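Undergrad: Give me a model of this one.
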Amino acid sequence: MAGILERALAVMEHLSSRPEGVPLASLAQQLDIPQSAAHRLLTDLCRCGYVRQIRDHGDYALTARVASIGLSYLAATGIVDIAQPLVDRLADISGELVRLAIVDNERLTWVAKAQGARHGLRYDPEMGSDARLSCSASGHAWMLTMSDERALDLVSRQGFGTPEEYGPNAPTTIAALTKILHAGRKRGYAMINEVFAPGMTAMAAPVQRKGEDAIGVLSIAGPAMRLTEARMLELGPELLAAAGELALASLASPMFRTRFPMQGRNAGDETPLDK
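TA: Down below sits the predicted model:
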């Protein structure tokens, strides 16, 4: 049985993607928590200022206090201030959406962005959420720095995204995902076409200092009609250069100042970033 803290965090994560609020009964059912226990958790979270009831006896939603904590933490690390000029520059060069995701344990979380599209279709998914590793360019780019075994272990923990949830080309088997990762390692960065969302393409490169784990991922995403395969290959050098600059600049952030040895790679393994 899950502990109280684990359940409380599950409630907050569930509410984080539902700003319109969630009824008590629905939340309890979705999280497989007894309704009485869910009500006690929500009451405590309301008392602490993290959750509010939209109206008397109505739906529950997160308060801005949760976002404030996250923003305060990112501001204290300095990583967004360091990254934003590079993200802005790459958005201007590409004319598309550029995002930075940071590695947090076994997750990738998008924390900074810049929209380079000035007209036409603008692709801009929600920020602050975790990347689905199996079907996002950011997830693929991070896994390029690992052994296949380590990458597949992470995906198995998170689960494969399905074509119904994401794009029609989302990989659903180990063989399909491994093929994509091998192609990305040869290229030095990940490229996807209608994998994360229908009609959308994306590319991403890991932010990684030599001999260390990746600390983040820099990505470019846009409509497939505009961000074609040829255009992505053309932008490849710019993406890799920006990721390299960000890796060096990250030394100024206390979040990334500590160096960690490479994890999940066999002795003697090389990624394109090592060469």
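
Undergrad: Not counting its own residues, what contacts stretch 212-219?
TA: 86-87, 90, 98-103, 108, 131, 136-138, 141-142, 145, 202-209, 239, 242-243, 246-247, 250, 256, 259-263 (C-beta atoms under 8 Å, 6 or more residues apart in numbering). The C-beta positions use only the backbone N, C-alpha and C, and glycine is treated the same way.

Undergrad: now stretch 228-235
TA: 93-94, 191, 193, 201, 203, 220.

Undergrad: which of the residues in the helix or strand encompassing Val155 are buried?
TA: Following DSSP states H and E, the helix or strand that holds Val155 is helix 148-158. Neighbour-count burial for helix 148-158 flags 148, 151-152, 154-155, 158 (criterion: 16 or more other C-beta atoms under 10 Å).

Undergrad: and if you look at stretch 30-47?
TA: 31, 33, 38-39, 41-42, 45.

Undergrad: want to try JSON lines for those residues, with secondary structure as columns?
TA: Output for these, formatted as JSON lines (DSSP: H, G, I helix; E, B strand; the rest coil):
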{"residue": "Leu31", "secondary structure": "helix"}
{"residue": "Ile33", "secondary structure": "coil"}
{"residue": "Ala38", "secondary structure": "helix"}
{"residue": "His39", "secondary structure": "helix"}
{"residue": "Leu41", "secondary structure": "helix"}
{"residue": "Leu42", "secondary structure": "helix"}
{"residue": "Leu45", "secondary structure": "helix"}
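
Undergrad: Gly58: which of those is nearest?
TA: Gly58 lies nearest to Leu42 out of the buried residues of stretch 30-47, by C-beta to C-beta, at 11.6 Å.

Undergrad: how long is stretch 166-182 end to end?
TA: 22 Å (C-alpha to C-alpha, to the nearest Å).

Undergrad: Outside of that stretch itself, which residues are in contact with it?
TA: Residues contacting stretch 166-182 (C-beta under 8 Å, 6+ apart): 132, 134-135, 140, 143-144, 148, 151-152, 155, 160-163, 190, 192-198, 200.

Undergrad: Only the buried subset of the residues you listed, as a PyMOL command please.
TA: Remark: buried members of these, expressed as a PyMOL selection using 16+ other C-beta under 10 Å:
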select buried, resi 132+134+135+140+143+144+148+151+152+155+160+161+190+192+193+194+195+196+197+200
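
Undergrad: Can you tell me which of the contacts of stretch 166-182 end up in strands?
TA: 190, 192-193, 200 (DSSP state E).

Undergrad: Poorly predicted segments of the stretch 101-250 of the chain, please.
TA: 118-129 (pLDDT under 70).

Undergrad: repeat that with 50
TA: Applying pLDDT under 50 to the stretch 101-250 of the chain flags residues 122.

Undergrad: before we move on, back to that, how far off helix 148-158 does the helix or strand following the helix holding Val155 point, in degrees?
TA: Note on helix 148-158: by DSSP H and E, the next helix or strand toward the C-terminus is helix 174-187. Put simply, helix 174-187 runs at 130 degrees to helix 148-158, going by axes from the mean of the first three to the mean of the last three C-alpha atoms, to 10 degrees.

Undergrad: Name the SS class of Pro206, please.
TA: Using three-state DSSP, the structure places Pro206 in strand.

Undergrad: Now it: closest residue in space, sequence neighbours ignored.
TA: Ala214 (4.1 Å; C-beta to C-beta, 6 or more residues apart in numbering).

Undergrad: same deal with Asp130?
TA: Closest to Asp130 by C-beta to C-beta, 6+ apart is Arg107, at 4.9 Å.
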